[in-house]
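J.: Sequence first, then the predicted structure:
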Amino acid sequence: MSTGPAALADRRSGMKQQLSDYLELTKPKIAVLLLVCVAIAGFYASGGQPDVLRLINVIIGTALVAASSCVWNQCLEVHADRRMERTSRRPIPSGRLSRYSSAIFGTLLGSIGVAYLLATVGWMPALIGVLTWVLYVCIYTPMKQWTPWNTTVGAVAGALPMLMGWLAVNPTLDLKAISLFAILFFWQFPHFMAIAWLYREDYEKGGMQMWSVVDRSGTKAGLQAVSGAMALLLVSVVPGLGYIAMPNITYMLLSLFGGTVMLIASLRFFTSRDEKTARQLLFASLLYLPIQLGLLVILPSGV
Ligand code: HEM
Ligand SMILES: CC(C)=CCC/C(C)=C/CC/C(C)=C/COP(=O)(O)OP(=O)(O)O
């Protein structure tokens with residue numbers, strides 16, 4: 001084996017590339033927003049006075065289990081990912097990482113994550129973590145090839161981590177916990193229908209049965225976005241109700257405003273269905289979620 005400076009530099013850059021490939025497998029951008037949501041759920045569940053260590057622990061455990069689910073998702077979807085432009089350069093379809101080593105990596109992440117959750121925040125968040133993993137990897141992932149209802153199942157998997165954050169600090173799932181779950185659940189319809197429309201040709205190539213593929217006119221994707229945004233507008237107000245005698249009016253008004261922006265963006269997408277309205281809706285969705293949930297941190301008196 002060559003040990004000259006050039007060979008050493010080559011080996012170092014190869015290792016760097018591998019590390020960045022393994023990181024890419026965990027879909028870190030989605031994970032960041034998801035973990036912000038988990039943190040806010042935990043903060044909100046504690047009535048604004050969180051046990052910081054428990055909060056950090058549930059974030060770490062959820063990050064590991066979510067990363068594992070994303071790795072396994074890509075191990076199972078390699079053939080479809082290879083056919084789609086958006087995903088063809090991912091580490092497994094492009095041949096930079098093997099399916100085998102990725103599956104081992106995903107299994108390690110998941111096992112450590114579940115053990116970590118069990119050891120630090122108890123069995124309830126750990127159980128929801130396992131259920132979410134199974135829902136995402138074993139049900140949602142294959143379902144994408146069968147039916148457009150896959151998004152509804154994916155949205156349950158996307159929203160369940162809210163309950164992990166909640167249950168880590170509060171063992172009772174009440175109306176506020178359910179409203180947090182519902183906010184994240186309904187948010188995903190406008191978020192994803194914009195994406196499903198933008199990448200409809202790609203999804204078709206990958207054999208994915210999204211609403212934008214089974215109905216090429218885009219009417220059904222538009223309707224799903226608008227229905228999701230309407231439901232989102234309604235449920236986002238619920239955390240402001242607090243005790244009936246003391247509703248958090250500021251929170252409720254700001255929620256109505258944010259929800260209306262999402263609804264208008266969804267309606268524009270429904271009526272025009274072009275690149276511009278879809279991109280605007282996707283952008284609005286990515287801005288809306290951290291702001292909406294941030295209101296629960298800034299204006300906690302509605303708890
Ligand atoms: C049915 C559920 C969901 C589906 C099918 C979905 C799908 C996707 C896809 C395909 C992209 C990539 C878009 C692109 O490359 O332009 C994306 C972007 C994104 N998603 Fe979702 N998503 C879902 C739920 C979620 C959830 C629950 C979160 C976090 C709370 C989330 C956060 C994000 C973020 C932050 C981005 C932008 C990342 C980037 O720029 O690559 N998504 N989503
Ligand atoms: C704790 C735990 C297990 C959390 C998992 C939560 C999680 C990763 C939710 C993601 C929601 C979702 C359906 C994303 C899109 O995946 P996709 O497969 O449609 O995206 P792709 O086409 O880019 O691969």
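T.: Right, received. Where do you want to start? Numbering: from 1, shown residues only. Ligands and ions are numbered 1, 2, ... in the order given.
J.: Report the separation between Tyr261 and ligand 2.
T.: In this structure residue 261 is Val, not Tyr. Shown here: Val261 relative to ligand 2, a distance of 23 Å by CB to the nearest ligand atom, to the nearest Å. C-beta: built from backbone N, CA, C; applies to glycine.
J.: Buried residues of whatever helix or strand that residue lives in, list them for me.
T.: Using DSSP states H and E, Val261 falls within helix 249-272. Within helix 249-272, the residues that qualify as buried are 251-252, 254-255, 258-259, 261-263, 265-270, counting by 16 or more other CB atoms under 10 Å.
J.: chain center to stretch 211-222, what's the gap?
T.: Taking CA atoms, centre = their mean, to the nearest Å, one finds the center of stretch 211-222 at 22 Å from the center of the full chain.
J.: Repeat that for stretch 205-214.
T.: 20 Å.
J.: what distance separates the start and the end of it?
T.: One end of stretch 205-214 sits 13 Å from the other (CA to CA, to the nearest Å).
J.: Give me the buried positions along it.
T.: 205-206, 208-213.
J.: got it, and stretch 197-205?
T.: By 16+ other CB under 10 Å, the buried positions in stretch 197-205 come out as 197-200, 202-205.
J.: now swap in stretch 59-78 and tell me
T.: Within stretch 59-78, the residues that count as buried by 16+ other CB under 10 Å are 59-77.
J.: Helix or strand for the residue of the stretch 201-303 of the chain found nearest ligand 2, just tell me which one.
T.: Of all residues in the stretch 201-303 of the chain, the one sitting closest to ligand 2 is Met208 (7.8 Å; CB to the nearest ligand atom). Applying DSSP H and E as the criterion places Met208 outside every helix and strand.
J.: which residue packs closest to it, ignoring adjacent ones?
T.: Once flanking residues are discounted, Met208 sits nearest to Lys144: 4.8 Å by CB to CB, 6 or more residues apart in numbering.
J.: can you check Tyr199 too?
T.: Of all residues not flanking Tyr199 in the chain, Arg86 sits nearest, at 5.7 Å (CB to CB, 6+ apart).
J.: Now do the one you found against Ala39, distance only.
T.: To Ala39, Arg86 is 29 Å away according to CB to CB, to the nearest Å.
J.: Cheers, nothing more for now.
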